[in-house]
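**Student:** Provided below for reference: sequence and predicted model.
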Amino acid sequence: MTQDVRGEERYGEWVAVRRDGPVAELVLDRPKAMNAVSTELARSLGAACEALAGDRAVSAVVLSSTHPRAFCVGADLKERNSFTDAELGRQRPHARAAYGGVLRLPMPTIAAVHGYALGGGFELALSCDLIVADPTAVVGLPEVSVGVIPGGGGTQLLPRRVGAARAAELIFTARRVEAAEAAGLGLVDRLVPEGEDRTEALALAARIASHSPVGLRAAKRALRTGWGMDLTAGLEVEDAAWRTVAFSGDRAEGVAAFNEKRTPRWPGE
């Protein structure tokens, strides 16, 4: 990791982290390739996520893009075109670390999507808790059209978002979905005016980050861990997460601030 003159933390050439108080912006910055996920970008994204995951000062993360017409177009197929099978196999752990790194971030995450978010690009967005998109967004998982399957979590994350049948239709047809339909199907959570996806995502992140850091992480842990469980098991997960926060400094501060009619000063413990 390096820090440039603008105060950005740079992870390799194509990934940056910008901070504004408890909000961190994780930026895809490979504009010449529409943020196509190469081996190097995957390594950098995984390293940035690892650093953010361990940073207790961060309460919310926005995943954004510097390219005006794309969030991320997915795997770098130009790079992969020259790969041997062995080279493709060696790339796989880096790809898994990148997508898994976003998915495993312990604080709430928001993808700010405009333009193309296809294949692995859409999987990065799906790995976030919320997706804010503008009307230029085009999303989809077209992997079967090039002889593979979604391998960045798409076959598991998409059904959890829109249901098994809808996910099957979208994956099997490899079709691209424009913003209005994507919002109607639940592929994105909030549709905002053109060019406002990043601004709105950062504002939403700031609102989220104003709340208890301990509470936010525990709530996310309960939501994510409870996926796919039956109700009884899920309620046990919830109870364990509740116990994490119930005896924390944040809980004590939150109750005190409410009774004293003031803004909480979260200890984050």
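**Tutor:** Received the coordinates, thanks. Residues are numbered from 1 along each chain as shown.
**Student:** and A222, how many neighbours does it have?
**Tutor:** Applying other Cβ atoms under 10 Å, we find 18 residues neighbouring A222. To be clear about C-beta, it is placed using only N, CA and C from the backbone, and glycine gets the same treatment.
**Student:** which of the residues in the host helix or strand of it are buried?
**Tutor:** Secondary-structure assignment from DSSP states H and E places A222 in helix 213-225. For helix 213-225, the neighbour count (16 or more other Cβ atoms under 10 Å) marks 213-222, 225 as buried.
**Student:** what helices or strands is it leaning on?
**Tutor:** helix 231-246, helix 249-260 (3 or more Cβ pairs under 8 Å, 6 or more residues apart in numbering; DSSP states H and E).
**Student:** can you put those helices in CSV and add mean pLDDT, distance to N35 and mean neighbour count?
**Tutor:** Listed next are the helices and strands packed on helix 213-225 as CSV, based on pLDDT from 0 to 100; distance: least, Cβ to Cβ, whole Å; neighbours: other Cβ atoms under 10 Å:
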stretch, mean pLDDT, distance to N35, mean neighbour count
helix 231-246, 96, 34, 14
helix 249-260, 95, 36, 14
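**Student:** Can you pull out the low-pLDDT segments for this protein?
**Tutor:** Along the chain, the parts satisfying pLDDT under 70 run over 1-7.
**Student:** By residue count, tell me the biggest helix in it.
**Tutor:** Ordering each helix of the chain by length in residues (DSSP state H) puts helix 85-103 first.
**Student:** Check what contacts it and list those residues.
**Tutor:** Here helix 85-103 makes contact (Cβ atoms under 8 Å, 6 or more residues apart in numbering) with 26, 37, 39, 41-43, 45-46, 48-50, 53, 63, 75, 80, 83, 109, 120, 123-124, 127-128, 151-153, 157.
**Student:** hmm, back to that, dump the buried residues of helix 213-225 into JSON lines; add distance to A133 as well.
**Tutor:** Listed next are the buried residues of helix 213-225 as JSON lines, based on distance: Cβ to Cβ, whole Å:
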{"residue": "P213", "distance to A133": "27"}
{"residue": "V214", "distance to A133": "30"}
{"residue": "G215", "distance to A133": "27"}
{"residue": "L216", "distance to A133": "23"}
{"residue": "R217", "distance to A133": "25"}
{"residue": "A218", "distance to A133": "28"}
{"residue": "A219", "distance to A133": "23"}
{"residue": "K220", "distance to A133": "21"}
{"residue": "R221", "distance to A133": "26"}
{"residue": "A222", "distance to A133": "26"}
{"residue": "T225", "distance to A133": "27"}
